[in-house]
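Colleague: here are the coordinates; sequence isn't available:
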């Protein structure tokens with residue numbers, strides 16, 4: 001669980017830093033930035049869902065193995 005929290009924290013920090021750098025280095029309209037930010041957040045959420053599903057499957061497999069012992 002601690003490792004998962006570290007990964008999520010790292011992803012969140014990376015996204016925030018990336019958004020800050022993007023704001024500093026670009027002169028695009030706000031609409032373009034908001035659209036890009038929404039896309040980035042959607043990707044982060046999807047990656048989190050995939051990681052959670054993978055971990056759930058690992059835990060279920062581990063539980064099945066313990067029941068057989």
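Modeller: That came through fine. Just so you know, these numbers come straight off a predicted model, no measurement behind them.

Colleague: how close does residue 1 sit to residue 55?
Modeller: Using Cβ to Cβ, to the nearest Å, residue 1 is found at 9 Å from residue 55. In this view, the C-beta of every residue, glycine as well, is placed from N, C-alpha and C.

Colleague: right, I mislabeled it, should have said residue 8
Modeller: Using Cβ to Cβ, we find residue 8 at a distance of 11 Å from residue 55.

Colleague: Neighbour count: residue 1 and residue 55, which is higher?
Modeller: Each of residue 1 and residue 55 has its neighbours counted (other Cβ atoms under 10 Å); residue 55 has more, 13 against 6.

Colleague: which residues does that one contact?
Modeller: residue 4 (Cβ atoms under 8 Å, 6 or more residues apart in numbering).

Colleague: Pick out the residue closest to the middle of the chain.
Modeller: Note on the chain: the residue nearest the mean C-alpha position is residue 44, at 3.7 Å, using Cα atoms, centre = their mean.

Colleague: and the gap between that residue and residue 4?
Modeller: From residue 44 across to residue 4, the span is 14 Å (Cβ to Cβ).
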